[in-house]
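In: okay, here's the prediction I keep looking at, along with the sequence it came from:
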Amino acid sequence: MSGIRTLPPLAAYSLALGDDALILAQRLGEWVAHAPQIEEDVALANIALDLLGQARTLLGYAGAVEGAGRDEDDLAYLRDDRDFRNVQLVEIPNGDFAVTMARQLVFSAYQYELYTALGSSGDATLAGLAGKAVKEVAYHRDHATQWVLRLGDGTELSHVRMQAGLDQVWPYTEELFDPASQLRGVAADPATLRPAWDQYVTSVLSEATLSKPEPRWRSRGGRDGLHTEHLGHLLAEMQHLHRSHPGATW
Amino acid sequence: MTEGSDTSKRSWPLWEVFVRARRGLAHQHVGSLHAPDATMALRNARDVYTRRSEGVSIWVVPSSAIVANSPDEKDQFFDPAQDKVYRHPTFYDVPEGAKHL
């Protein structure tokens, strides 16, 4: 596909947010039929489908703004990993249930602040999406919060595993707040989302008797197309059918 | 957790779910599910039973809190009502134009 660096800033921004939602939707989908209970299968699938819906709007909009004739499917299925603009947080493997819930907590809390801010974006499409999605994400955040509280403040074993999940995820949180776009009045400045995110997550961790990890490294570069080795494997599974049978319908 | 039934370590207790489809209607029993506690039961109910806009209000009740009659009592409970048609309000005419009956 053509180089993504040449995208107009608005298309690039929409693509980055869309890629976050798309890749996390794919990851969460892996839980279906593997969650601790069937009720949790359904909950995670619902969350994944919410994210997929957001991704469709955002990728479709990115394609429309780009104006090169690429639709949401072209962008989802026909790009290679270096052309994806998601943060690395969403591509890391699910791990155990605690890792997934730790990731859901930090990402949903971030998305909640993001969509709240984008609700007053000068771009009508982004503002419209954000107004709808913030309600979905409020639920995602609550779902993750409930689990982190129960596992963190549960048994000795669940506490240890929940803390281990947090420790695994935490090095990827910093990247959420790296600058994503210079579009004033349209994009949300990630740095401004941080205080509210920090306050929310800190209060959950505190109530869950968990400690905030202090990692010695941090991920970076997802927004520039630098990814972990895991993204390629995820894309292979996600894109296989479309690439093997272009235009297939059902 | 003390709520719900069957609190063995391996399985979550069972909850009965009641959903009210619209304002003004009564809650209807729609099914059951497993959840570790009441808060999670409500969320699971939202995900399992209202994901296609089926409701505006949800109740969850521990299955263990429901008292049911025994099938053995079926005869004494229900048979005596069967030959008492006069208990049905069918012996008067409904005025024309009366709605919502």
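Out: Nice, I can see it.
In: show me the contacts for residue 27.
Out: Because you didn't say which chain, this covers chain A. A:Val90, A:Glu91, A:Pro93, A:Asn94, A:Leu234 (CB atoms under 8 Å, 6 or more residues apart in numbering or on different chains). Bear in mind the C-beta positions are built from the backbone N, C-alpha and C, glycine included.
In: chain B was what I was after
Out: Listed by CB under 8 Å, 6+ apart, the contact set of B:His27 reads B:Phe18, B:Val19, B:Arg20, B:Ser57, B:Trp59.
In: ok, what's across the strand from the third one?
Out: Here B:Arg20 sits in beta bridges with B:Ser57, going by DSSP bridges.
In: next secondary structure after the helix or strand hosting A:Gly53?
Out: Following DSSP states H and E, one finds A:Gly53 within helix A:38-66. Moving toward the C-terminus from helix A:38-66, the next helix or strand (DSSP H and E) is helix A:72-77.
In: downstream of that following helix, the next helix or strand is which one?
Out: Once helix A:72-77 ends, the next helix or strand along the chain (criterion: DSSP H and E) is helix A:97-118.
In: report the longest helix in chain B, please.
Out: In chain B, ranked by residue count with DSSP state H as the criterion, the top helix is helix B:38-49.
In: helices or strands next to that one in the packing?
Out: Applying 3 or more CB pairs under 8 Å, 6 or more residues apart in numbering or on different chains; DSSP states H and E, we find helix B:38-49 packed against helix A:38-66, helix A:124-152, strand B:14-20, strand B:28-34, strand B:57-62.
In: low-confidence regions, chain B specifically.
Out: B:1-10, B:101 (pLDDT under 70).
In: what does chain A have sitting close to chain B?
Out: For chain A, the residues found near chain B under the criterion CB under 8 Å from any CB of the partner chain are A:Gln37, A:Ile38, A:Glu39, A:Glu40, A:Val42, A:Ala43, A:Asn46, A:Tyr139, A:Asp142, A:His143, A:Gln146, A:Arg150.
In: switch the cut-off to 10 Å
Out: Proximity of chain A to chain B, by CB under 10 Å from any CB of the partner chain, involves residues A:36-47, A:49, A:139, A:142-143, A:146-147, A:149-150, A:154-155.
In: picking that back up, most neighbours out of the contacts of A:Arg27, which is it?
Out: Taking other CB atoms under 10 Å in any protein chain shown as the neighbour criterion, A:Glu91 ranks highest of the contacts of A:Arg27 with 27 neighbours.
In: and that one, backbone torsions?
Out: A:Glu91 has phi and psi values of phi -100, psi -20 when expressed as degrees, to the nearest 10.
In: and the residue nearest to it when sequence neighbours are not counted, how close does it get to A:Gly225?
Out: Of all residues not flanking A:Glu91 in the chain, A:Leu231 sits nearest, at 4.4 Å (CB to CB, 6 or more residues apart in numbering or on different chains). Noted for A:Leu231: a distance of 10 Å to A:Gly225, by CB to CB, to the nearest Å.
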